[in-house]
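Peer 1: predicted coordinates and the sequence they were generated for:
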Amino acid sequence: MAKVEIDSLTKRYGSIVATDDVSLDIEDGSLTVLVGPSGCGKTTTLRSVAGLESPTEGTISFDGVDITDRPPQERDISMVFQDLALYPHMTGQENVAFPLRAEKGYSEPEIEEAVQEAAEVTDCDGFIDKKITELSGGQQQRVALARALVRRPEVFLMDEPFSDLDELLKRQLRAEVVQLQQEFAVTMIHVTHDQEEAMTMGDDLVVMNRGNVVQFGNPDEVFSRPRTLFVAMFIGSPQINRFDCDLSWDGDTAILDSGELVFELSGEAARPLRKATETRLAVCVRPQRLSWAETEPEDRLSIPVTVNVTEKIGTEDIVRCTTPRGHDVTAEVNSGTLSEGMDGYLVFDPANIHLFDGIDEEAERLN
Amino acid sequence: MSTSQTNGFKWAGRGLLAVYTLFVAFPIYWTLNTAFKPLSQIGTFPPTLYPKGFQFDAFVWVLTNSRAIDAILNSLIIASGTTILSVILGSLAGYAFSRFSWVDPGGHVSFWLLSTRMFPPVAVVLPIFFIYGRLGLQDTLIGLMLLYLTFNLPLTTWLMRDFFDKIPTSFEEAAFVDGYSRFETFRKVIFPLVRPGLVATMMLAWVFAWNEFLFAWIITGNNTSTYTTIIPTLIESNQIQWNNIMAMAAVVATPPTLILIAFRDNIIEGMTLGMTDI
C-alpha cells in the first residue's frame, strides 16, 4: 500500500494539453475516483501513474519515492483496463497467474494457491478454468479483477472497467470492488466518466475538466458545495437547475433577475454576493432541494411551474416542469405526489442555493 | 421467400460451384493425364481422355534426372530461405509500424514499401542483372533469396502489421504493468495471438518464391537453376517433352498442396484476417 503524490503533472501531445499542472495527494488505502467528461485528462493522469505515459513535466511519487522515470514494470502496480486486456489464448486461470509468472520467485504450488485465493475473493472460482472467450462480460470482469488483485500491488488502477456492462451488473461490481478495496486496504485510483459511479464508489472525488483538477474532495462535499459551475452541472443526477441572473442591489437586498424570475436575497444569504465580480451570475438549486406548493409562499423562494413529465425511480419521482416562459426545471419529490399538467410552485430555501460568479463553466462558487 | 424458391437458389448455387470445380480441376486432370501418356499419344487428334498404357517414364525421369532433382532442391532452399528471412524481418518491421508511430509518422515509409509491388518486376530485371554481376551474386542461392526478399518483405511487413494492429495495445500494456519486458510480452502474449497470421503470411511468401520464374531465369546459371527455369528447357527445337513437363508440374505442385492441407485452418483464419476469437 502506498500514498500516491502527483506534483504539477503536465502532459502535452504536440499542441494538445492532456493534463495541465495536475497535483494530487492520494492517501494510503483510499479509493480515489477521477471523474470528468471525455478528454478531461483523467485517463492520461491514470496512465501516467501506471508509467504507460511519460509526463512532459512534473513528478509522481509513491510513499515519497520519486518513480516518474521508472517503467511500469518497476512500479508495483496493477491495472484493470477498459477493455480488460484478458488474453484470449489463455484460460481464466492462466490469465490470473500471468502477473505472478513475471517474477521468478514463485513456485508452482504458491502460484496455484494465490490464484485460487484471488478467484475466491472475486467470486470467479466457478469458471476460472474456462477460456476467456467462453466467459460472459461480467465473468470476464471478475477474472480481470482477480488478475489485478493476485499480486497484492501497492497501487491498484482502474480505467473505466465497467463501461460496457449492463446497469445491474455495474452496480453489483461497484459494490464488490469497494468491499475488496476496503478488505485489502489497497490504494485504489479509479477512472470513470460516470458521475453516479464516482459518487457511489469514491472516498474522494477528483473532478477534472480540460486537463485541470477542478475539485478534490469527498462525494458529499463535491455534491453540496461544488467549487465551480462546471462541477455543479456535472455532478448530481438529475442535473442541477440553473438560472442565469442579472445581479442588482436594493440597499442590503440582492435582486437576481433571470428575465423571467426574480429572486430576492437579503441578510446572511445575500452576503456572499458582495464578492461577485460579474453582474451576470448562475444561480443553481438541486432538484432534491425543491418542494411543491400549491400557492406562492411568502417567506421562501419559489418558481411557478407546470408539470410536464413525471418519471418514477422508486420512492421518488423525477418531475420535469417548465416555467410560464419555457425554462426547464427538474425536481425530485415523493412518489405519486405530482401528476402531469399540474400548476404550482417549486419552493426552496435560500440556504440551498448555489451561487456562482459568472455564467461560464469556470465560474467560481460565491457562497 | 418461399421454400421452393430457397431450394431453387440452393441448387443453382451448387450447380454453379460444380461448373467452377470442373473448370478449376480440369487443368490438374489434364496435367496428370498427359504425364502418364507415352509421348506418341500426346499430340494425337482427337486427344485421348485417359492414358492408353500407363507410363511412369516421365515421373521416373523427374525423380532420377540430376538436373531436375537439383533444380527442385534449389527451389526448396531458395523459397524456404527467403521465407524465413522475410517473415522474421517483416514481423519486426510490421510490429514497429504497428506500435511505434514515431517510426513512420506520415506513413510514407510503409507506403513506399508497398509501392515496390506496384511496378511490373520486368522493369527492374536489367538493372538488377548488372548490379548482381558487380556484386558477384549472379548464380548464387543467397542472391536469389535476397532478390525475392525485395518482393516478399513488403508483403510480409504489411500483412504482419495488419495482424499486430488487430491486437489491442492494452494487451501489451497489461503485461508491462504485470512486470513483463517488451520482449517477454512479445513472446508470451503477442506471438501466440499472431501465429495464424504468421503461418498464412509464410505460406504466401513461400509460394511466391517457389513459383517465381522471371528473375530466376535471368539471375541463375548452371549452379543454381530453380525448377521453373528447367521446364522451358524441355521445349526443344524438334520436339516438346510434354510428358516430362507435366510430370515435373505434378511433382512441384505437391509441396504447396501438402502445406496448404496441413495448415488450412490457420491459413483460412489468417487470410480472412479473421482472428476469429479476438
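Peer 2: Good, I have the coordinates.

Peer 1: torsion angles phi and psi at B:Gln239?
Peer 2: As for B:Gln239, its main-chain torsions (degrees, to the nearest 10) stand at phi -150, psi 160.

Peer 1: ok, and the closest non-adjacent residue to it?
Peer 2: Take B:Gln239 and drop its neighbours on the chain: the residue closest to it by CB to CB, 6 or more residues apart in numbering or on different chains is B:Leu39, 7.6 Å away. From N, CA and C alone the C-beta is placed, and that goes for glycine too.

Peer 1: how far off centre is stretch B:30-49?
Peer 2: On the basis of CA atoms, centre = their mean, to the nearest Å, stretch B:30-49 sits 29 Å off its chain's mean C-alpha point.

Peer 1: please disregard the earlier target; I meant stretch A:204-224.
Peer 2: Centroid separation for stretch A:204-224 versus its chain: 7 Å, with CA atoms, centre = their mean.

Peer 1: which residues touch the residue nearest to B:Gln239?
Peer 2: B:Gln239, B:Gln241, B:Trp242, B:Asn243 (CB atoms under 8 Å, 6 or more residues apart in numbering or on different chains).

Peer 1: save those residues as CSV, and put in distance to A:Leu256, neighbour count and pLDDT too.
Peer 2: Below are the contacts of B:Leu39 laid out as CSV (distance: CB to CB, whole Å; neighbours: other CB atoms under 10 Å in any protein chain shown; pLDDT from 0 to 100):
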residue, distance to A:Leu256, neighbour count, pLDDT
B:Gln239, 108, 10, 86
B:Gln241, 104, 18, 88
B:Trp242, 101, 18, 90
B:Asn243, 103, 25, 89
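
Peer 1: mind checking pLDDT for residue 56?
Peer 2: Just so you know, I chose chain A. According to the predicted model, the pLDDT of A:Thr56 comes to 94.

Peer 1: please refer instead to chain B.
Peer 2: On the pLDDT scale, B:Phe56 gets 88.

Peer 1: hmm, B:Pro38 and it touching each other?
Peer 2: No - using CB atoms under 8 Å, B:Phe56 is not in contact with B:Pro38, being 10.7 Å away.

Peer 1: between those two, who's got more neighbours?
Peer 2: Taking other CB atoms under 10 Å in any protein chain shown, B:Phe56 and B:Pro38 do not tie; B:Pro38 has more neighbours (14 against 11).

Peer 1: list the buried residues of the helix or strand of chain B with the lowest mean pLDDT.
Peer 2: Ranking every helix and strand in chain B by mean pLDDT, DSSP states H and E puts helix B:264-271 at the bottom, with a mean of 77. For helix B:264-271, a neighbour-count test (16 or more other CB atoms under 10 Å in any protein chain shown) marks B:Asn266, B:Ile267, B:Glu269, B:Gly270 as buried.

Peer 1: in contact with the residue of the stretch 151-300 of chain A found nearest chain B, which residues?
Peer 2: Going by CB to the nearest CB, chain B is nearest to A:Arg151 of the stretch 151-300 of chain A, at 7.5 Å. Applying CB under 8 Å, 6+ apart, we find A:Arg151 in contact with A:Ser78, A:Pro99, A:Leu100, B:Asp178.

Peer 1: swap in A:Phe234?
Peer 2: A:Val35, A:Gly36, A:Pro37, A:Gln195, A:Val207, A:Asn209.

Peer 1: show the pLDDT at the residue nearest to B:Gln239.
Peer 2: pLDDT at B:Leu39 comes out at 83.

Peer 1: show me where pLDDT drops low in the stretch 151-278 of chain B?
Peer 2: For the stretch 151-278 of chain B, applying pLDDT under 70 flags the ranges B:271-278.

Peer 1: helices along that one, start to end?
Peer 2: In the stretch 151-278 of chain B, the helices defined using DSSP state H, counting those that start in this stretch lie at B:169-177, B:182-185, B:191-211, B:214-219, B:227-230, B:242-262, B:264-271.

Peer 1: quick one: the strands in the stretch 1-150 of chain B?
Peer 2: In the stretch 1-150 of chain B, no strands are defined using DSSP state E, counting those that start in this stretch.

Peer 1: what about it, any weak spots by pLDDT?
Peer 2: For the stretch 1-150 of chain B (pLDDT under 70), the answer is B:1-3.

Peer 1: which parts of it sit against chain A?
Peer 2: Within the stretch 1-150 of chain B, no position is near chain A by CB under 8 Å from any CB of the partner chain.

Peer 1: same deal with the stretch 151-278 of chain B?
Peer 2: Near chain A, when you scan the stretch 151-278 of chain B using CB under 8 Å from any CB, you find B:168, B:170-171, B:173-181, B:184, B:188-189, B:192-193, B:277-278.

Peer 1: and with 7 Å instead?
Peer 2: Contact residues, the stretch 151-278 of chain B versus chain A (CB under 7 Å from any CB of the partner chain): B:168, B:170-171, B:173-174, B:176-181, B:189, B:192-193, B:277-278.
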